[in-house]
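S.K.: build me a model from this:
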Amino acid sequence: MNRRWTVPLSVALLGVSSALSAADGSFEKTILVPRQSDAQLGWTYQGCSVESLTLRNYPDAEDIAEARSKDPGDKTWLWWEFNVANKSDRKCQIKLWLEILDKKGNVVKSSDRSGSVDAGEPDDDIRVSTLMKTLDIADAAKVRIRATIIPK
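M.R.: Below is the predicted model:
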């Protein structure tokens, strides 16, 4: 085989495998915990989409320092806000799952939620909430996100 085509072919095949996994409306991605900004997802199936993820109520530096020094069992409510839209002419159901991973890749917390998005809705949100130890989210490395989009 001509080595010149090895890298582009493998990249093309990777793109095909990613597209195939979304052919049934199922998506998965592992990202860094989005502490400072939105995480762009761009998942679309039959006009319904999960566009981005925003982490709300992340503990500030003072809360984290206090948990480290005084109360390692302190807990924080977090809201994982998924921005969704539906450009189709029928309602869709979106099922969302997330797993917060520590530095070793172990799941420290998981949660899920389903929501529906009306036909023609250009901007909506689905929130997944988690109550977890402040230090667990402060030390978390990544979050694995899955979504299934089901047109109704």
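S.K.: quick check, D102 in contact with I137.
M.R.: No - D102 lies out of contact with I137 (Cβ atoms under 8 Å); the separation is 10.3 Å. Quick note: C-beta positions are derived from backbone N, CA and C, even for glycine.
S.K.: between those two, which one's more packed in?
M.R.: Legend: neighbour count by other Cβ atoms under 10 Å for D102 and I137, higher for I137 (24 against 14).
S.K.: tell me which residues touch that one, please.
M.R.: Neighbouring residues of I137 by Cβ atoms under 8 Å, 6 or more residues apart in numbering: 33, 58-59, 76, 78, 100, 109.
S.K.: the same query, at a cut-off of 7 Å, please.
M.R.: For I137, the contacting residues are 59, 76, 78, 100, by Cβ atoms under 7 Å, 6 or more residues apart in numbering.
S.K.: so which helix or strand takes in the second one?
M.R.: When you say that, I think you mean T76. Per DSSP states H and E, T76 falls inside strand 75-86.
S.K.: contacts for that strand?
M.R.: By Cβ under 7 Å, 6+ apart, the surrounding residues in contact with strand 75-86 are 47-59, 92, 94, 96, 98, 117-134, 137.
S.K.: cool, and stretch 89-101?
M.R.: With contacts defined as Cβ under 7 Å, 6+ apart, stretch 89-101 is touched by 48, 50, 80, 82, 84, 86, 107-120, 126, 128, 132, 137, 140-152.
S.K.: work out for me the element the residue nearest the centre of the chain sits within.
M.R.: Nearest to the mean C-alpha position of the chain, by Cα atoms, centre = their mean, lies I145 at 3.8 Å. Taking DSSP H and E as the definition, I145 sits inside strand 142-151.
S.K.: wait, F27 touches A147, no?
M.R.: Yes - at 4.7 Å, F27 counts as touching A147 under the criterion of Cβ atoms under 7 Å.
S.K.: so which of the two has more stuff around it?
M.R.: Neighbour count, other Cβ under 10 Å: between F27 and A147, A147 has more, with 24 against 20.
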